[in-house]
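Chemist: Just a sequence and a predicted model for now, questions to come.
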Amino acid sequence: MKINQFTFRSMIVILSLTLIACEAPDSEKVLYRGKPQKVGMDAERLNLIDEIIENAIQAEELPGAVLIVARKGAVIIRKTYGNSRIIPTIEPMTLETIFDMASITKPVATATSIMILVEQGKIRLMDPASKYIPEYTPYYDEDGNDASPIRLYHLLTHTSGLPPYTNANALKEQYGEPCPEKLIQHIATIEKQNSPREHFAYSCLGFITLAEIVRLVSGMDIGEFSKNHIFEPLQMHSAMFLPTEEYLPRIAPTEVIDDVPLHGKVHDPLAQLMGGLSGNAGLFSSADDMAIFCQMMLNGGSYEGVRILSPLTVKAMTTVYPDLAFAGRGLGWDLNSAYSSNMGDIFPKTSYGHTGFTGTSLVIDPETETFVILLTNSVHMPEGNVIALRSKVTNIVAGSIVEP
């Protein structure tokens, strides 16, 4: 039988999640395929997930999904539901499906890259954005007085005073697509809504800025930097920006525009203006690769002997930032903001996560050593919506943990 590269890669992933390896140290758990009862989880309770996902598919809230649930290094659930596309043809969902991760790009690629540069001593979170982008303007009050500068930690916690978004269509009409330099200049000089540290406003503009700072400091765009410093070291071979044509058969399409679904091109309009190399969106990944990343975070920044972040950095990223409790955000990660419904109602306050507009979601809880990955392409459906579904799945997982 002829085995191509994709088939070989799939076999390796399946084997790695099926074979139970020697017990790894508590600080360095390696994923293996395990049974719920072995890690203190109730299998019957977990089985409730199937019905609610299938019901959501029947209600046309999503075409399909890939779900991975793991605790203490044991992958308890790794399965697919429904289809990866229904327009123009129907294709079943597979474990190898690659998704447009949308805003999960923010913590996984952009914030992690920023913190790697912090650890290297190349930048500080207290640095003003204007240190790297000189035209970056502050907030001016009604009397024309300027506020304190916008600093990197403001951008990471969505407390910068930047507006949430900007008119991508107007910029596209004026400058064409892509127009990364024009978009960066536009964000730098856009009118700020308030002084930094005063209000929480979830802003894609802040993370586009952060990725530009990564480029200016390292000489690598966010795709190259995250590949070299995160994805390749962790052997996350299906995590990437700008997927090439060879990956198209595995990629789940997103929104259908004029009867043609977006396929392999980032869904977010501002990320499109950045040519797909953006800090707010643009990452594509499979669920298996996200599982490696999640376990790396639970391990305190390392996986299979490869250290991406220090334990102290992971702690700083996943704790509400000092003096910004009102925001409910860590450094790139969501803990307790208005956007955190995907974390459900039961997991302890130690849990953190993020969502993506296309239908993606991560939830990680260090106290119970659990993570939940629910990847969908719900925007492929005319009325797609997985907000409630995310929370329900997370609640069932949390409710199934019956032993420490």
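Modeler: Nice, thanks for sending it over. Note that the coordinates shown come from a computational prediction; the quantities given were computed from them, not determined experimentally.
Chemist: which residues in the protein form helices?
Modeler: Applying DSSP state H to the chain gives helices spanning 5-18, 43-46, 48-58, 105, 112-119, 152-157, 168-175, 180-189, 204-218, 222-226, 269-273, 287-298, 311-317, 387-399.
Chemist: Apart from its neighbours in sequence, what residue is nearest Ile133?
Modeler: Ala188 (5.2 Å; C-beta to C-beta, 6 or more residues apart in numbering). Where C-beta positions appear, they are placed from N, C-alpha and C, glycine not excepted.
Chemist: What count of nearby residues applies to the one you found?
Modeler: Ala188 is flanked by 18 other residues according to other C-beta atoms under 10 Å.
Chemist: wouldn't it be in contact with Thr137 here?
Modeler: Yes: between Ala188 and Thr137 a contact is recorded at 6.7 Å, counting by C-beta atoms under 8 Å.
Chemist: picking up where we left off before, any figure for the gap between the residue nearest to Ile133 and Ala147?
Modeler: Separation of Ala188 from Ala147 (C-beta to C-beta, to the nearest Å) stands at 16 Å.
Chemist: quick one: low-confidence ranges for the stretch 151-300 of the chain?
Modeler: Nowhere does the stretch 151-300 of the chain drop to pLDDT under 70.
Chemist: should've said the stretch 301-404 of the chain
Modeler: The stretch 301-404 of the chain contains no residues with pLDDT under 70.
Chemist: Quick one: the strands in it, in order.
Modeler: 302-303, 306-307, 352-356, 360-365, 370-376 (DSSP state E, counting those that start in this stretch).
Chemist: Serialize these to TSV and add fields for distance to Val214.
Modeler: Shown next, in TSV, are the strands of the stretch 301-404 of the chain (distance: least, C-beta to C-beta, whole Å):
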stretch	distance to Val214
strand 302-303	21
strand 306-307	19
strand 352-356	18
strand 360-365	21
strand 370-376	25
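Chemist: Nearest to Thr89, out of those strands?
Modeler: strand 370-376 (18.5 Å; C-beta to C-beta).
Chemist: Show me the chain divided up by domain.
Modeler: Under the assignment automatic domain parsing, the domains of the chain span 5-104+221-399, 127-218.
Chemist: So for stretch 273-287, could I get the coordinates as PDB, restricted to C-alpha?
Modeler: The C-alpha trace of stretch 273-287 is given here as PDB (Å, rounded to 0.1, in the frame of the first residue of the first chain):
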ATOM      1  CA  LEU A 273      -6.100  43.200   4.600                       C
ATOM      2  CA  MET A 274      -2.900  42.000   6.500                       C
ATOM      3  CA  GLY A 275      -2.500  39.400   3.800                       C
ATOM      4  CA  GLY A 276      -3.400  36.600   6.200                       C
ATOM      5  CA  LEU A 277      -0.500  37.400   8.500                       C
ATOM      6  CA  SER A 278      -2.300  39.100  11.300                       C
ATOM      7  CA  GLY A 279      -2.200  39.100  15.100                       C
ATOM      8  CA  ASN A 280      -6.000  39.000  15.500                       C
ATOM      9  CA  ALA A 281      -6.800  36.000  13.200                       C
ATOM     10  CA  GLY A 282      -5.100  33.900  10.500                       C
ATOM     11  CA  LEU A 283      -4.000  30.800  12.300                       C
ATOM     12  CA  PHE A 284      -5.200  27.500  10.900                       C
ATOM     13  CA  SER A 285      -4.900  24.300  12.900                       C
ATOM     14  CA  SER A 286      -6.200  20.800  13.600                       C
ATOM     15  CA  ALA A 287      -7.600  19.700  16.900                       C
END
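Chemist: So what's the residue count around the nearest residue to Val214 once chain neighbours are set aside?
Modeler: Of all residues not flanking Val214 in the chain, Ser113 sits nearest, at 4.9 Å (C-beta to C-beta, 6+ apart). Neighbourhood size, Ser113 [other C-beta under 10 Å]: 26.
Chemist: Who are the contact partners of Ser113?
Modeler: Neighbouring residues of Ser113 by C-beta atoms under 8 Å, 6 or more residues apart in numbering: 211, 214, 222, 225-226, 229-230.
Chemist: Try it again at 10 Å.
Modeler: 210-211, 213-215, 217-218, 220, 222, 225-226, 228-230, 279, 332 (C-beta atoms under 10 Å, 6 or more residues apart in numbering).
Chemist: thinking again about what came up before, isn't the residue nearest to Ile133 up against Thr166?
Modeler: No: assessed by C-beta atoms under 10 Å, Ala188 is found out of contact with Thr166, at 11.6 Å.
Chemist: What distance do you get for Gly330 to Val306?
Modeler: In this structure, Gly330 and Val306 are 23 Å apart, going by C-beta to C-beta.
Chemist: So which of the two has more stuff around it?
Modeler: Gly330 (24 against 14).
Chemist: Look up the pLDDT of Asn4 for me, please.
Modeler: Reading off the confidence values, Asn4 has pLDDT 47.
Chemist: Over to Ala147?
Modeler: Looking at Ala147, its pLDDT stands at 81.
Chemist: And it, how far from Ile133?
Modeler: Noted for Ala147: a distance of 17 Å to Ile133, by C-beta to C-beta.
Chemist: Compare those two (neighbour count), which wins?
Modeler: Counted by other C-beta under 10 Å, Ala147 and Ile133 do not tie: Ile133 has more neighbours, with 19 against 16.
Chemist: The more buried one contacts Thr209, doesn't it?
Modeler: Yes: in this structure Ile133 lies within contact range of Thr209 using C-beta under 10 Å: 7.0 Å.
Chemist: isn't Thr358 right up against Val379?
Modeler: Yes: with contact defined as C-beta under 10 Å, Thr358 reaches Val379; the gap is 5.1 Å.
Chemist: Find the centremost residue of this structure, please.
Modeler: Nearest to the mean C-alpha position of the chain, by C-alpha atoms, centre = their mean, lies Ile104 at 1.8 Å.
Chemist: May I have the residues that are in contact with the closest residue to that residue other than its chain neighbours?
Modeler: Residue nearest to Ile104 in three dimensions, not counting chain neighbours: Gly356, with 4.5 Å by C-beta to C-beta, 6+ apart. Each residue near Gly356 by C-beta under 10 Å, 6+ apart is listed here: 99-106, 108, 267-268, 281, 283, 362, 375-376, 378-379.
Chemist: Please, a ChimeraX command that selects the buried ones among these?
Modeler: Applied in ChimeraX, the following selects the buried portion of the contacts of Gly356 according to 16 or more other C-beta atoms under 10 Å:
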select :99,100,101,102,103,104,105,106,108,267,268,281,283,362,375,376,378,379
